[in-house]
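K.L.:
Below are the sequence and a predicted model for it; my questions follow.
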Amino acid sequence: MFSPIDNKPISSNTALQIFTSDSEQFLTYFWEFFSLVAIGDIQFSRKLYDHLSTIETHPWQAPMIEIGRTKFLSITGHLFKAHKNFQKISQQVYTQTNYPSVRIRNEITAFLNYEKSLLAAKMKDYHQAEIYLHAGNNLTSIDKFSLAFELQLEIFRTKHDQPNLARLENSIIKLEAAGIPALACIGWRNAGIISRKLKEFSKAAKYYKTALSLATKHDLSLLRTQIYIALATLNSNMGNYNAAREALNKVKFSESLDPIIPSKFEILAVIESHEGNVANSIELVKQALEINLKLDNVALLPAECMHLGEAYENHFKNLDQAEYYYKIGYDHCIRYAENGISLTGDRKQVVDAYVRLLKLKDKSSPSSTKHSHQDPFTFSEGKPWKQIKDIFQHQLILHHSLDQRNSKSMARKLALPPTTLYSLQDRLKQRGYLLPQKGVTTTEESHELSGFIQQHTDLSWGEINKIFEREIMHHLYEKYGYNKHRMASILKISYPSIIKMTRELTQVDEHLLPN
């Protein structure tokens, strides 16, 4: 057989020798094992892990097998389960002490970070994906592995920071020169996706053609399927619906719960909708959702629930059905958030849609407060960021001082060290903010932020500050006309900081158009 990454002839046991070799030979075989895992061939991966379960391994090698198994969960669409597995593996990797050498520990940790970054990006948690990539890249000393990290970092920069395709092309060419066609294929496919989103359709088609040629030449079946999905999306964007259907007809499924199936249904749903067949479109999305509910697919499920909810709310005027689908999305996304998956993008949208619809259906809900119709963030307009943060933290401390009669109990409720709370209070006093005095009874004064703080009264200091920063940035980004340079000037913070703070707001959520 051939290694699916570098196309070198290997026996069926070569990559597995990593688990039976001594520590000196470990790094020799590391790349071969990574190659087999990285390409994500479903049928081969299943056989690989079945075989690994029959051989004896060293305790320090166990995380590598689990990383591979979890990658398998990811490529088969079981994203939430993969996320939970990576949480367990991370604890195992970081607490284990019996590695033969620091270098071996670093390479295993780099491997973990690489795969976690791919999963995070798949779940649209781009900020976390970037952190994992940099962490892993700093650990590996294997040249080919460094090229793999370089590719992913360039894809990230080109997609989210600056669309400089020349740098990405250079990274892909280096992979081809190093004899790593599979990663090069992944690179060309991503270059096509970026070009499509920039509306440079002819350039996207050229990149996809190059990727498809590599996938066909080296028999990379999973990548070939993904490229056909990408081509179908491109043709759908261009209005070439017959060509899109032709591409989808070439998509091969490995099993009944193959995550490619919902992606195919989503693209067909978009085409049917554009052709005026709304009922057909809705049924296709329902079929996609049925599969993704079984997979617990974090990446696709929220957008499908959002799409169905919007369709029933706005097109069919059926609020009960809209609530049904919004609630499915809400329940899943809240569970995801409780398990460490960021509540952003499609996930936040469907949660917000469900809450909004409940208020619409029952404006007299007991959960409504006297502040419900007051925008909590208008106070921030025209103010610098430092002052905005001070005002919020001042109001937060005032709120908690009403039922926490001393700093120790307040610090405990906010999950802050008492010394940290003292420093925060001292800083605010020095900047002219009045705080409650000991033994003096205070009453809550009305402020635009009161309703927002009351709504999140049970959160820790870190949690509520994180939510506040996200929400206030969303408000100001709209208020300042989506102009980041203007935001930086008014808020008196650097432009790179604005880029980072608004990153999740500028991700284009292309509902029902997978890559």
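P.N.:
Arrived safely.

K.L.:
any chance you could map the strands in the chain?
P.N.:
The residue ranges that make up strands in the chain, judged by DSSP state E, are empty, as it has none.

K.L.:
Pass me the low-pLDDT residue ranges in it, would you?
P.N.:
Scanning the chain for pLDDT under 70 picks out the ranges 1-46, 49, 52, 362-374, 405, 438-446, 482, 503-515.

K.L.:
Residues in contact with stretch 331-344: which ones?
P.N.:
Contacts of stretch 331-344 with the rest of the structure, by Cβ atoms under 8 Å, 6 or more residues apart in numbering, involve 80, 83-84, 87, 123-125, 127-128, 296, 298, 301-302, 305, 347-348, 350-351, 470, 504, 507. The way it works is simple: take the backbone N, C-alpha and C, and place the C-beta from them, glycine included.

K.L.:
how many neighbours does the residue lying closest to Tyr114 once chain neighbours are set aside have?
P.N.:
The shortest distance from Tyr114 to any residue other than its chain neighbours is 4.9 Å, reached at Gly136 (Cβ to Cβ, 6 or more residues apart in numbering). The criterion is other Cβ atoms under 10 Å. On that basis, Gly136 has 26 neighbouring residues.

K.L.:
I'd assumed Ala148 was in contact with Gly136.
P.N.:
No - applying Cβ atoms under 8 Å as the test, Gly136 and Ala148 come out as separate, 9.3 Å apart.

K.L.:
joint contacts of those two?
P.N.:
With contacts defined as Cβ under 8 Å, 6+ apart, the residues shared by Gly136 and Ala148 are Tyr114.

K.L.:
Just the CA coordinates for stretch 120-137, please, in CSV.
P.N.:
This file holds the C-alpha atoms of stretch 120-137, laid out as CSV (Å, rounded to 0.1, in the frame of the first residue of the first chain):
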residue,chain,number,x,y,z
ALA,A,120,-12.4,23.8,16.6
ALA,A,121,-12.3,25.3,13.1
LYS,A,122,-15.0,22.8,11.9
MET,A,123,-17.2,24.0,14.8
LYS,A,124,-16.5,27.6,13.8
ASP,A,125,-14.6,28.4,16.9
TYR,A,126,-11.9,30.1,14.9
HIS,A,127,-10.2,32.0,17.8
GLN,A,128,-9.6,28.7,19.7
ALA,A,129,-8.4,27.0,16.5
GLU,A,130,-5.7,29.6,16.1
ILE,A,131,-4.5,29.2,19.6
TYR,A,132,-4.2,25.4,19.2
LEU,A,133,-2.3,25.9,15.9
HIS,A,134,0.3,28.3,17.4
ALA,A,135,0.7,26.1,20.5
GLY,A,136,1.3,22.9,18.4
ASN,A,137,3.6,24.7,15.9
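
K.L.:
Measure how far it is from the centre of its chain, please.
P.N.:
The gap between the average C-alpha position of stretch 120-137 and the chain average comes to 8 Å, counting by Cα atoms, centre = their mean, to the nearest Å.

K.L.:
buried set for that stretch?
P.N.:
Judged by neighbour count using 16 or more other Cβ atoms under 10 Å, the buried positions of stretch 120-137 are 120-126, 128-130, 132-133, 135-137.

K.L.:
And for it, what's in contact with it?
P.N.:
Judged by Cβ under 8 Å, 6+ apart, the contacts made with stretch 120-137 from elsewhere in the structure are 74, 79, 83, 109-114, 116-118, 146, 149-150, 152-153, 156, 159-160, 298-299, 341-342, 344-346, 500, 503-504, 507, 509.

K.L.:
Is there a quick ChimeraX command that grabs whichever of these are buried?
P.N.:
Per 16+ other Cβ under 10 Å, the buried members of the contacts of stretch 120-137 correspond to this ChimeraX selection:
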select :74,79,83,109,110,111,112,113,114,116,117,118,149,150,152,153,156,159,160,298,299,341,342,344,345,346,503,504
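
K.L.:
Out of the contacts of stretch 120-137, list just those in helices.
P.N.:
The members of the contacts of stretch 120-137 that map onto helices under DSSP state H are 74, 79, 83, 109-114, 116-118, 146, 149-150, 152-153, 156, 159-160, 345-346, 500.

K.L.:
quick one: the helices in the stretch 401-515 of the chain?
P.N.:
Using DSSP state H, counting those that start in this stretch, the helices of the stretch 401-515 of the chain run over 407-413, 418-430, 450-455, 461-479, 484-491, 495-501.

K.L.:
Return the most buried member of these.
P.N.:
When the helices of the stretch 401-515 of the chain are scored by mean count of other Cβ atoms under 10 Å, the highest mean neighbour count falls to helix 450-455 (a mean of 18).

K.L.:
so how far is that one from its chain's centroid?
P.N.:
Centroid separation for helix 450-455 versus its chain: 28 Å, with Cα atoms, centre = their mean.

K.L.:
Then stretch 217-231?
P.N.:
Remark: stretch 217-231 is offset 23 Å from the chain centroid, using Cα atoms, centre = their mean.

K.L.:
List the buried residues of it.
P.N.:
Within stretch 217-231, the residues that qualify as buried by neighbour count (16+ other Cβ under 10 Å) are 218, 220-231.

K.L.:
mind putting these in TSV, distance to Gln430 included?
P.N.:
As requested, those are arranged in TSV below (distance: Cβ to Cβ, whole Å):
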residue	distance to Gln430
His218	65
Leu220	62
Ser221	65
Leu222	59
Leu223	59
Arg224	63
Thr225	61
Gln226	57
Ile227	60
Tyr228	62
Ile229	58
Ala230	56
Leu231	61
